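S.K.: Any chance you could fold what I've pasted below:
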Amino acid sequence: MRQYAVKGGAPLVGEVEIGGAKNAALGILAAALMAYETVEIENVPDLSDIDVMLGALKTLGARVEKVNRHTVRINGSTVHTTSLLDDALNKIRGSYYF
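M.R.: Model (predicted):
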């Protein structure tokens, strides 16, 4: 984890962007399947585990759209199967959400 040491009498100004938490994002992505309307999820970390989870959602039939690097839209109303046989999914801890 990065740390910053600030010396001096000047006040701090500016912004710090906080990255999304992978483990929280995996559960939120899986939960989006339960909604019949489109769900937009922001602050999603740009990680391979997230890409594997999004691929699994597509395999189930969900409509998945990556809006940008950290925003995803998911619509679960088109899910057509509950069978998920994906070797890649077994490699991430978030597979238990399914």
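S.K.: for this structure, what spans make up the helices?
M.R.: For the chain, the helices defined by DSSP state H cover 22-31, 48-60.
S.K.: would you list those helices in JSON lines and tack on mean neighbour count?
M.R.: To be clear about C-beta, it is placed using only N, CA and C from the backbone, and glycine gets the same treatment. JSON lines is the format used below for the helices of the chain (neighbours: other Cβ atoms under 10 Å):
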{"stretch": "helix 22-31", "mean neighbour count": "18"}
{"stretch": "helix 48-60", "mean neighbour count": "18"}
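S.K.: out of the ones you listed, nearest to residue 67?
M.R.: For the helices of the chain, distance to residue 67 was read as Cβ to Cβ. The smallest value, 12.1 Å, belongs to helix 48-60.
S.K.: which regions of the chain lie under the pLDDT threshold?
M.R.: Along the chain, segments meeting pLDDT under 70 span 16, 18, 85-86, 88.
S.K.: quick one on the thing from earlier: please tabulate the helices of the chain in TSV, including the columns distance to residue 14.
M.R.: What follows is the helices of the chain, written out as TSV (distance: least, Cβ to Cβ, whole Å):
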stretch	distance to residue 14
helix 22-31	26
helix 48-60	28
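S.K.: what's the distance between residue 77 and residue 17?
M.R.: Distance check for residue 77 against residue 17: by Cβ to Cβ, to the nearest Å, it reads 32 Å.
S.K.: More neighbours: those two, which one.
M.R.: The neighbour comparison of residue 77 against residue 17 (other Cβ atoms under 10 Å) goes to residue 77, with 12 against 6.
S.K.: residues in contact with that one?
M.R.: 36, 37 (Cβ atoms under 8 Å, 6 or more residues apart in numbering).
S.K.: let's go with 10 Å and repeat that
M.R.: 33, 35, 36, 37, 38, 61, 62, 63 (Cβ atoms under 10 Å, 6 or more residues apart in numbering).
S.K.: Next, the distance between the ends of stretch 36-48.
M.R.: End-to-end distance for stretch 36-48: 26 Å, by Cα to Cα, to the nearest Å.
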